[in-house]
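In: requesting a structural model of the entry that follows:
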Amino acid sequence: MREVVRRKLRPEDARRSNLALVLRAIYEDSQLSRADLARATGLTKVTVSDLVAELIASGLVRETGTSEIQRPGKPSTLLAFDAAARDILVMDLSARDELRGAVVSLRGELLRTAVRPLDGAVGDEALAAALDLARELVASATHPVLGLGVGTPGTVNGAGTVLSAPNLHWHNLPLQQLLHDELGIPVRVENDANVAVLAERRFAGGPDDLVRVQLSRGVGAGLVVGGRLVHGAASDAGEIGHVVIDESGTPCGCGKVGCLETWTSVPALTARIGAEPGRRDELLAEAGHRLGLALAPVVGMLGLATIVIGGPSEIATAPLLDAARECIAERTRSEFRPDLDLTASRLGADAVLLGAAALVLLSELGVD
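Out: Numbering: from 1, shown residues only. Just a heads-up that it's a prediction; the model follows:
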């Protein structure tokens, strides 16, 4: 039996947790006083005042004036989160032909963007392009850098090592460590679908229980349950592209037959529509139905009520969305289950970049 190692909680751990609790409250509501924070967090007024002083000294929080609410005693001083206090650097490595990067504010505003063409580069050449892009982003930052967030295709473990990214020919690549060693700043590397679902929750108002499916060269999904990203035992949660949904279907590059990816990936759908343009809506609906077949067990098991579909605007259209929604609803119908909210993502091509920013906010400031 494996021995369980329990680390003793240290005073600095409690302080770090309380600091994140206070900062998160100010991030969400910039009309709070110290007394409001004490009531909202359950911390003592003395503790809150001490933590707020530290946050002001760091530049993340500033005083903005006094409250207009009339109360006995001295007027309360309001506090605000300063979104310009730090820059977040982000990279999206998921596109076929290019690597995208951006400098982002603490509120998720894209301040500057950069693109690095791949020109077919894979392996070490693709890594060199990613490192060059990261250096360019560091040079373009105009405020202290909070950290670098990276969304990459493939399976990524908790240490930010890309276990396998076939399209980039990366295997067991310690990307997070390499970037940290190169730049000397905090770095977080995560699967692109996983960071995209973080973007839906942080910047698009998504709920604490949410799945986001990305239709691109392949098909992947990011899953948040109870406000926490789900990685799975082998760091491959959400890898639904190679779930078999048609045993008599098309051979897949993975060696199986009838994988979801053979029907709902953008290349597969584009090829089908190109061969039969007159059946465009019908083919999209068939793809949506098959997507529903793969998602229905997930919805039924976890009780999910919200699904977001990301992908090209010409693919994530009503025929596909309606068919997926109807298929899932039919297979999970229950008198207790709410109507399924299945929609196209509003974040467009920036979902991975914004998700990488959300990843850094979470890891460095505790803002989830």
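In: use CA for all of it now, contacts and neighbours both
Out: Fine.
In: mind splitting this protein into its structural domains?
Out: Structural domains assigned to the chain are 11-81, 87-197+351-365, 205-345, following automatic domain parsing.
In: what about residue 173, distance to residue 14?
Out: 34 Å (CA to CA, to the nearest Å).
In: residue 117 now?
Out: Taking CA to CA, one finds residue 117 at 45 Å from residue 14.
In: about what we covered before: higher neighbour count, residue 173 and residue 14?
Out: Set residue 173 next to residue 14 and count neighbours by other CA atoms under 10 Å: residue 173 wins out with 19 against 11.
In: rewinding a little: quick check: which of the domains of the chain is buried the most?
Out: domain 87-197+351-365 (a mean of 21; mean count of other CA atoms under 10 Å).
In: so which residues of the stretch 151-300 of the chain form helices?
Out: Listed from the start of the chain, the stretch 151-300 of the chain has helices (DSSP state H, counting those that start in this stretch) covering 175-183, 192-203, 261-264, 266-275, 280-302.
In: among the ones you listed, which comes closest to residue 366?
Out: Among the helices of the stretch 151-300 of the chain, helix 192-203 comes nearest to residue 366, with 12.4 Å by CA to CA.
In: got the contact list for the nearest residue to residue 97 once chain neighbours are set aside?
Out: Spatial nearest neighbour of residue 97, chain neighbours left out: residue 118 (5.3 Å); criterion: CA to CA, 6 or more residues apart in numbering. Listed by CA atoms under 8 Å, 6 or more residues apart in numbering, the contact partners of residue 118 are 96-99, 126, 129.
In: before we move on, back to that, of all the helices of the stretch 151-300 of the chain, which one is nearest residue 37?
Out: Nearest of the helices of the stretch 151-300 of the chain (CA to CA): helix 192-203, 21.3 Å.
In: so which elements touch that closest one?
Out: If contacts are counted by 3 or more CA pairs under 8 Å, 6 or more residues apart in numbering; DSSP states H and E, helix 192-203 sits against strand 145-152, strand 210-215, strand 219-225, helix 351-360.
In: redo those as CSV? Include mean pLDDT and distance to residue 318.
Out: Output for these, formatted as CSV (pLDDT from 0 to 100; distance: least, CA to CA, whole Å):
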stretch, mean pLDDT, distance to residue 318
strand 145-152, 97, 28
strand 210-215, 94, 15
strand 219-225, 94, 18
helix 351-360, 97, 20
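In: which helices and strands does whichever strand or helix holds residue 12 pack with?
Out: Taking DSSP states H and E as the criterion, residue 12 maps to helix 11-28. Here helix 11-28 touches helix 34-41, helix 45-58, strand 77-81, going by 3+ CA pairs under 8 Å, 6+ apart.
In: right, and residue 175 touches residue 189 too?
Out: Yes: using CA atoms under 8 Å, residue 175 makes contact with residue 189 at a distance of 7.2 Å.
In: overlap of the contact sets of the two?
Out: Residues touching both residue 175 and residue 189 (CA under 8 Å, 6+ apart) are 160-161.
In: angles on the backbone of residue 86, please.
Out: Main-chain torsions, residue 86, degrees, to the nearest 10: phi -140, psi 160.
In: low-confidence stretches in this protein?
Out: 1-9, 11, 68-74 (pLDDT under 70).
In: can you tell me how far residue 313 is from residue 263?
Out: From residue 313 over to residue 263 (counting by CA to CA), the distance is 17 Å.
In: kindly report the same for residue 202.
Out: In terms of CA to CA, residue 202 sits 30 Å off from residue 263.
In: same deal with residue 342?
Out: 19 Å.
In: now swap in residue 98 and tell me
Out: In terms of CA to CA, residue 98 sits 25 Å off from residue 263.
In: repeat that for residue 282.
Out: 13 Å.
In: try residue 170
Out: 25 Å.
In: over to residue 311?
Out: 14 Å.
In: what does residue 27 give?
Out: From residue 27 across to residue 263, the span is 42 Å (CA to CA).
In: got it, and residue 164?
Out: 23 Å.
In: hmm, back to that, from the middle of its chain, how far away would the helix holding residue 12 be?
Out: 22 Å (CA atoms, centre = their mean, to the nearest Å).
In: relative to helix 45-58, how tilted is it?
Out: Compare the direction of helix 11-28 with that of helix 45-58 by axes from the mean of the first three to the mean of the last three CA atoms, to 10 degrees and you get 70 degrees.
In: so which residues make contact with helix 11-28?
Out: 32, 37, 40-41, 48, 51-52, 55, 79-81, 365-368.
In: which one of the residues you listed is nearest to residue 194?
Out: Using CA to CA, those come closest to residue 194 at residue 368, 13.8 Å.
In: tally of neighbours for the closest one?
Out: By the criterion of other CA under 10 Å, residue 368 has 16 neighbours.
In: in this structure it contacts residue 355, no?
Out: No: using CA under 8 Å, residue 368 is not in contact with residue 355, being 11.1 Å away.
In: contacting residues for the nearest residue to residue 174 once chain neighbours are set aside?
Out: Using CA to CA, 6+ apart and skipping the chain neighbours, the partner closest in space to residue 174 is residue 161 (4.1 Å). By CA under 8 Å, 6+ apart, the residues touching residue 161 are 172-177, 189.
In: CSV for those residues, including distance to residue 122?
Out: As requested, the contacts of residue 161 are arranged in CSV below (distance: CA to CA, whole Å):
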residue, distance to residue 122
172, 14
173, 13
174, 16
175, 14
176, 18
177, 19
189, 18
